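# 3D, please:
(one chain, ligands or ions: 2)
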Amino acid sequence: MLAISRVQKQTSALRLLQLSSRFHTSSSLHKANRNIAFVFDIDGVLIRGKKPIPQARSALELLNREKIPFILMTNGGGVLEAEKAKEVTHINGGPDISPLQVVQSHTPMKALVQDPEFNRVLVVGGNGDNARKVAQEYGFNDVIMPIDIVKANRSVSPHAMFTKCDFDEYAIDIDLKTPIDAILVFNDPRDMSTDVQVVQDLLNSNNGLIGTKRSLKSVEDRAKPSIPIIFSNNDYIYANDFPLPRFGQGAFRIITETLYNTTNKLSSPNNLQSLIMGKPFKLQYDFAHHVLIDWRDKLISKKFDAKQILPLLGSVPSESPFTDIYMVGDNPESDIKGANDNGWQSILLRTGVFQDEDYDSIIAKPTVGVFDNVEVAVKHVLQKHDIPIH
Ligand code: G3P
Ligand code: MG
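Ligands and ions are numbered 1, 2, ... in the order given. Coordinates of the predicted model:
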């Protein structure tokens, strides 16, 4: 069901041509520079909330100067890759980042657009109706959001906090009699109580029809929900500019599973069946690896207007030009675990959720080490590979 993918255009050729002039390109990259690559986490590595991480700009500029390929891989999302690229560039004051260098948690969902089992989708999370716009831009046909359902029938979520302006600005009129095929959690919920209610209603519905409830007696496998649900990431916590970590989508996943398991009288090891994307899962690292190879090819060939080649969901690159891929992250559970599990090198920073006192108990230890910030880490790797720093 999920193994669908096609070559897709990620952004307009014109925009890519404009961007290409701002990237350092060369067909004579030094061998070592071509064969290593960096993958940067965003929150807690390049920015914190809306604030810059002071060393991020110089670290990325250094890699551009040395012509070393890098991409960003975040468990965040809720906006288009182009917007995320602009946001990071804007917060740090540069350098320019191409949308083709950005893998968000939901980016692999692009691979589902041509699957007829994902025709009418409920997208959850993100500000306003950003997630709808992203899903539509990816190519999903019929995209609805919880606010549309509440607009059609306020009793669905009696304590919803939507204002008239919210309904006017973000909701569309929908026919509740058309079933929903799948739930895609694009980003952290903003109105958790409404999202919890609507998602549970659908998971326990009669084939995705709002306002219906399946009979447990007729369900063969109660771990299987009425319609599939895909979470775009599993981050229990993440770092913003508050001193303590904040709950992320992983917390919503736990709430969703707990309620579903209770309703369906499931006990361990039985659990709601779902697909989880994002770090630390292999699916995301393989996807990012393809994107990194594609970006390297574009850097070398200078063909920034060429379509981005997206892989089959779940496919492993058959060959890789890289001897080492360095994942730079702040979250041992996502960034470091995923890197280690996939044979990448891993670097843990002190600029995000990780605290030194937790080192002994973290789930995965960085293969390269712990560093104060992204610039120190990048310089360390370049020195290790005898790449002169200019
Ligand atoms: O929702 C969690 C997200 O903000 C974490 O982002 O960039 O640290 O993977 P990142
Ligand atoms: Mg992070």
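# so which bits of this structure are right by ligand 1?
Contacts of the chain with ligand 1, taken as C-beta under 6 Å from any ligand atom, map to 41-44, 74-76, 188, 235, 238, 248-249, 331. Where C-beta positions appear, they are placed from N, C-alpha and C, glycine not excepted.
# pLDDT-wise, what's the bottom of these?
Across the set of the residues of the chain next to ligand 1, Tyr238 stands lowest in pLDDT, at 85.
# phi, psi of that residue?
Phi and psi for Tyr238, reported as degrees, to the nearest 10, are phi -150, psi 170.
# helix or strand for the closest residue to Phe371 other than its chain neighbours, which one?
What sits nearest to Phe371 in space, not counting adjacent residues and going by C-beta to C-beta, 6 or more residues apart in numbering, is Ala377, at 4.0 Å. Taking DSSP states H and E as the criterion, Ala377 maps to helix 374-384.
# what about the residues of the chain next to ligand 1, which are in strands?
Tyr238 (DSSP state E).
# with the residues of the chain next to ligand 1 in mind, which one is nearest to Leu283?
Proximity of these to Leu283 (C-beta to C-beta) peaks at Asn75, which lies at 12.9 Å.
# and that closest one, what does it touch?
Contacts for Asn75 (C-beta atoms under 8 Å, 6 or more residues apart in numbering) come out as 41, 43, 104-105, 232-235, 238, 248-249, 278-279, 334.
# in TSV, list those residues along with neighbour count and distance to Gly128.
Shown next, in TSV, are those (neighbours: other C-beta atoms under 10 Å; distance: C-beta to C-beta, whole Å):
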residue	neighbour count	distance to Gly128
Asp41	28	25
Asp43	24	20
Gln104	28	17
Ser105	29	18
Ser232	30	17
Asn233	31	20
Asn234	23	24
Asp235	28	21
Tyr238	26	20
Gly248	24	19
Gln249	28	17
Gly278	28	22
Lys279	27	26
Ser334	31	26
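# output those of the residues you listed also counted as contacts of ligand 2.
41, 43 (C-beta under 5 Å from the ion).
# show me where the stretch 51-200 of the chain has strands.
With DSSP state E, counting those that start in this stretch as the criterion, the stretch 51-200 of the chain has strands at 51-52, 70-73, 102-103, 120-124, 142-144, 182-185.
# which residues sit in contact with Val102?
By C-beta under 8 Å, 6+ apart, the neighbours of Val102 are 71-72, 74, 81-82, 84-85.
# bridging residues for it?
Leu72 (DSSP bridges).
# related to what we said a few turns ago, select, out of the strands of the stretch 51-200 of the chain, the one closest to Leu209.
Comparing the strands of the stretch 51-200 of the chain by C-beta to C-beta, strand 120-124 comes nearest, at 11.0 Å.
# which parts of the stretch 201-350 of the chain sit against ligand 2?
330-331.
# where along the stretch 201-350 of the chain do the helices fall?
249-263, 282-301, 337-341 (DSSP state H, counting those that start in this stretch).
# for Lys50, which non-adjacent residue is closest in space?
The nearest residue in space to Lys50 (C-beta to C-beta, 6+ apart) is Ile91, at 6.3 Å.
# ugh, typo on my part, it should be Tyr236
Tyr236's closest residue in space is Gly250 (C-beta to C-beta, 6+ apart), at 3.8 Å.
# from what I can see the one you found touches Ser232, true?
No. In this structure Gly250 lies outside contact range of Ser232 using C-beta atoms under 8 Å: 10.8 Å.
# for the chain, give me the ranges with low pLDDT.
The model of the chain has pLDDT under 70 over residues 1-34.
# how does it divide into domains?
20-104+299-384, 108-276 (automatic domain parsing).
# tell me the most buried of those domains?
Highest mean neighbour count among the domains of the chain (mean count of other C-beta atoms under 10 Å): domain 20-104+299-384, with a mean of 19.
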